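Peer 1: 3D, please:
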Amino acid sequence: MTIAAGLAVGIATPLATAAQELKFANFSAPTHTITAAVVDKLNDSVSAATNGELTVRGYHGGELGSGPADQYVRVVQGVADVAWGLPGYTSSQFPKTMIIEMPDALPLDQPAYPALLRAFDDNLASEFPATKPLALWGSEPNIFIMKSAEIRSPADLAGLKIRVAGSSAGEAVEALGATPVQMPMTQVYNGLQTGLIDGAISGASTLSDFKLDEVADSFTLGANLGRLVFFVVMNQGVYDGLSDEAKAAIDAVAGEELSKSAEDAWIVTADAAVEAARADENNVVIDLKPEEVAAFTDALAPVTDAYVAAVDGADALAAMQGE
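Peer 2: Numbering: from 1, shown residues only. As a prediction, this is how the structure comes out:
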């Protein structure tokens, strides 16, 4: 069974046979990368395939519920038909999916979406109950996004407060000698501006998507700090209530095509953000040398090994790595 084939049946919620509109919950602004890469693409694909009988409407800026943490629940409860979110905000539900976020789980230049799709059937499917996943992907590799601190070695992080998305990333931050602060990305701008945090570990796409380029001034690239993982899920009952034609339209774009669209867009956004950061004379952009990268790798390897063992994730990691 694949993502495109769907998962366990949830509570049936049949839709009318007339033209149907799926509600896509987006907790971010309509200018966020997710809109063009996923919401609009999904709408364009299913609308074209059904001659406009099935469409997807984005509800942006948290209109169907603010904050990223409860997006999955809102789909299961039927508040939204479709939503995107981050497993890191509810880490305990997605222990094996979260392996992809660990340092050195994948090489920096290896895309995450094929790794997640390879591991899905045998290792990850049970972590997505009552929904039909439409896409799974990763962000660009994480970097250090700092204010008034330059990071060239683990020692430079001693005593600093670093924002993380989830508990697994928090363990990595602790291994580097810093204090993890878990908060939604929507609060990081204010956290950096007010000094609540000294920096964040996240992808460079956040510099433009969440305007962190306005408050951060130091960026360190090259250490394999992992990457974020994202999902798009659809209420299984809503999917089951669609016509065969509408289901086929969803299936045709779900899985690899939608996942690749999302990850490619994240990387484009990230590359542009890094280029802009380099062009700003007020910033310091640090490209770690191989020996400096090795120091981070050595410090973080035990964290990844311990996490994989704790979640019985050896098979999942092997599938992600294509072994």
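
Peer 1: Which residue is the nearest non-sequential neighbour of A249?
Peer 2: Nearest non-adjacent residue to A249, counting by CB to CB, 6 or more residues apart in numbering: A49, 3.7 Å away. C-beta coordinates here come from the backbone N, C-alpha and C atoms, glycine included.

Peer 1: Correct me if wrong: that neighbour contacts D244.
Peer 2: No - taking contacts as CB atoms under 8 Å, A49 lies outside contact range of D244: 12.0 Å.

Peer 1: pLDDT below threshold where in this protein?
Peer 2: Residue ranges of the chain with pLDDT under 70: 1-18.

Peer 1: In it, spot the helix with the most residues.
Peer 2: Using DSSP state H, we find that the single longest helix of the chain is helix 256-279.

Peer 1: buried residues in that helix?
Peer 2: Within helix 256-279, the residues scored as buried using 16 or more other CB atoms under 10 Å are 256-263, 265-267, 269-270, 273-274, 277.

Peer 1: got a list of what T206 touches?
Peer 2: The neighbourhood of T206, defined by CB atoms under 8 Å, 6 or more residues apart in numbering, consists of 145, 185, 188, 200, 212, 273.

Peer 1: Mind checking which of those residues land in helices?
Peer 2: Among those, the ones falling in helices (DSSP H) are 188, 273.

Peer 1: now, which of the contacts of T206 sits nearest A175?
Peer 2: A200 (16.7 Å; CB to CB).

Peer 1: Leaving out sequence neighbours, find the closest residue to the closest one.
Peer 2: R163 (3.9 Å).

Peer 1: so which helix or strand takes in that neighbour?
Peer 2: strand 161-164 (DSSP states H and E).

Peer 1: would you list every one of the helices in the chain?
Peer 2: Using DSSP H, the helices of the chain run over residues 33-34, 41-49, 71-76, 113-119, 167-175, 188-194, 206-209, 236-240, 244-253, 256-279, 290-310, 314-320.

Peer 1: Name the surrounding residues that touch the shortest one.
Peer 2: With contact meaning CB under 8 Å, 6+ apart, helix 33-34 is reached by 26, 28, 84, 205, 209, 262, 265-266, 269.

Peer 1: For burial, what's the neighbour tally of the residue nearest to A200?
Peer 2: Taking other CB atoms under 10 Å as the neighbour definition, R163 ends up with a count of 25.

Peer 1: That one and V181 touch, don't they?
Peer 2: Yes - contact criterion CB under 8 Å: R163 and V181 qualify, at 5.1 Å.

Peer 1: shared neighbours of those two, anything?
Peer 2: With CB under 8 Å, 6+ apart as the test, R163 and V181 both reach 191, 197.

Peer 1: List the contacts of the closest residue to G62 other than its chain neighbours.
Peer 2: Closest residue to G62 apart from its sequence neighbours, by CB to CB, 6+ apart: F27 at 4.7 Å. Contact analysis of F27 by CB under 8 Å, 6+ apart lists 61-62, 65-68, 71, 85, 186.

Peer 1: Which of those are buried? Put it as a ChimeraX command.
Peer 2: ChimeraX command restricting those to the buried ones, with burial defined by 16+ other CB under 10 Å:
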select :62,65,68,71,85
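
Peer 1: Which one of the contacts of F27 is nearest to W137?
Peer 2: Set against W137, the nearest of these by CB to CB is G85 (12.2 Å).

Peer 1: List the residues that contact that closest one.
Peer 2: Taking CB under 8 Å, 6+ apart as the criterion, G85 is in contact with 27, 68-69, 71-72, 230-231, 233.

Peer 1: who's in contact with stretch 165-172?
Peer 2: Contacting residues not belonging to stretch 165-172 are listed as 86-89, 91, 98, 101-103, 164, 180, 182, 185, 201-202, 225-226, 228, 300, 303-304, 306-307 [CB under 8 Å, 6+ apart].

Peer 1: Right, I'll call it a day here.
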